[in-house]
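Asker: pasting the sequence and the predicted coordinates here, then a few questions.
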Amino acid sequence: MSLIQVINPNTSLAMTETMGTAARAVAAPGTEILAVCPTHGVESIEGHFDEAIAAIGVLEQVKRGKEQGVSGHIIACFGDPGLLAARELASGPVIGIAEAAMHTATLVATRFSIVTTLPRTLVIARHLLQQYGFTHHCAALHAIDLPVLALEDGSGVAQEKVRQRCMQAKREDGSGAIVLGCGGMATLAQDLTKELGMPVIDGVSAAVKMVESLVALGFGTSKHGDLDYPREKPLSGAFQHLN
Ligand SMILES: O=C(O)C[C@H]1NC(=O)NC1=O
């Protein structure tokens, strides 16, 4: 049995549940999913400031997951906040949902589109495309221009806007796949894939299978080089609990 920690970096319990549902839907029989979120921080991540705040919560949850003996960790926010810092802290693999979705898209299509929430977060996706080496694979980026938590308001308006933008991307972008650019969209991918007749990829599900594969191959985060554990030094004040 392997235990995979799905960390929602924002503090929305409803969105954490959404991600847990998506993760459990694809988890192998021997995999248990532990969906968590920080007890303090920001309710949704919609820019650089929110990403910085959320990164601390990610590290706190990675530390707790290690203490609980999880096999691996998923950072379930499309900005992959705190990814490299989390990898220093972790023993097991740490996968961000943006990198998971982007890697998956490049395995099934030569070009992909991204559909996310607010226009102001498109630059974060662009930075990740550059960082991960996928800029030339991404044909277009779209934003539904609704806040992240609109996905949890129960109206279905955000979900329909995601569907419309995916259909537009299929018509206009020349992409072979679509990446859903928000952890809160995780449960939409399967139905959209069926309706559009093309891969619509959710990073939470993709990350679960990647962590399972790495664990099965016996790979944790490399401790040779820059992702070795942080150098020992006392953390003070509000960060003492991270020692
Ligand atoms: O950047 C975004 O729009 C999505 C990102 N924000 C968030 O709270 N969870 C996410 O996946």
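Answerer: Perfect, thanks for sending it.

Asker: report the central residue of this protein.
Answerer: Ile97 (2.5 Å; C-alpha atoms, centre = their mean).

Asker: could you find the closest non-adjacent residue to that residue?
Answerer: Leaving aside its chain neighbours, Ile97 sits nearest to Gly203 (2.8 Å; criterion: C-beta to C-beta, 6 or more residues apart in numbering). Any C-beta I mention is one placed from the backbone N, CA and C, and that applies to glycine too.

Asker: surely the residue nearest to the centre of the chain is in contact with Ala206?
Answerer: Yes - look at Ile97 against Ala206 with C-beta atoms under 8 Å: they come within range, at 7.3 Å.

Asker: send over the longest helix along the chain as CSV, restricted to the C-alpha atoms.
Answerer: Assignment by DSSP state H gives helix 48-67 as the longest helix of the chain. What follows is helix 48-67, C-alpha atoms only, in CSV (Å, rounded to 0.1, in the frame of the first residue of the first chain):
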residue,chain,number,x,y,z
HIS,A,48,2.6,36.1,-7.2
PHE,A,49,1.8,37.3,-3.7
ASP,A,50,-0.6,34.4,-3.1
GLU,A,51,2.0,31.9,-4.5
ALA,A,52,4.6,33.1,-2.0
ILE,A,53,2.1,32.8,0.9
ALA,A,54,1.0,29.4,-0.2
ALA,A,55,4.5,28.0,-0.6
ILE,A,56,5.0,28.1,3.2
GLY,A,57,1.8,26.1,3.7
VAL,A,58,3.1,23.6,1.1
LEU,A,59,6.3,23.1,3.1
GLU,A,60,4.4,22.6,6.3
GLN,A,61,2.3,19.9,4.7
VAL,A,62,5.3,18.2,3.1
LYS,A,63,6.9,18.0,6.6
ARG,A,64,3.7,16.6,8.1
GLY,A,65,3.4,14.1,5.2
LYS,A,66,6.9,12.9,5.8
GLU,A,67,6.1,12.4,9.5
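
Asker: is the helix or strand following that helix in proximity to the ligand?
Answerer: Scanning forward in sequence from helix 48-67 by DSSP states H and E, the next helix or strand is strand 72-75. No - judged by C-beta under 6 Å from any ligand atom, strand 72-75 and the ligand are separated, with a smallest distance of 9.4 Å.

Asker: now do strand 72-75: which elements does it pack against?
Answerer: strand 2-7, helix 48-67, helix 83-89, strand 94-96, helix 97-108, helix 203-217 (3 or more C-beta pairs under 8 Å, 6 or more residues apart in numbering; DSSP states H and E).

Asker: sheet partners, orientation included, of that strand?
Answerer: strand 2-7 (parallel), strand 94-96 (parallel) (DSSP bridges).

Asker: run the chain-centre distance for the last one.
Answerer: In terms of C-alpha atoms, centre = their mean, to the nearest Å, the centre of strand 94-96 is found 7 Å from the chain centre.

Asker: contact partners of that strand?
Answerer: Residues outside strand 94-96 that contact it (C-beta atoms under 8 Å, 6 or more residues apart in numbering) are 62, 72-75, 77, 80, 83, 86-87, 203, 207, 210-211, 214, 221.

Asker: cool, stretch 56-68 as well?
Answerer: 3, 5, 7, 9, 11, 34, 36-41, 73, 75, 81-82, 85-86, 89-92, 94, 239, 241-242.

Asker: would you mark the buried spots in that stretch?
Answerer: For stretch 56-68, the neighbour count (16 or more other C-beta atoms under 10 Å) marks Ile56, Gly57, Val58, Leu59, Glu60, Gln61, Val62, Lys63, Gly65 as buried.

Asker: for stretch 27-34, same thing?
Answerer: So, applying 16+ other C-beta under 10 Å, buried residues of stretch 27-34: Ala27, Thr31, Ile33, Leu34.
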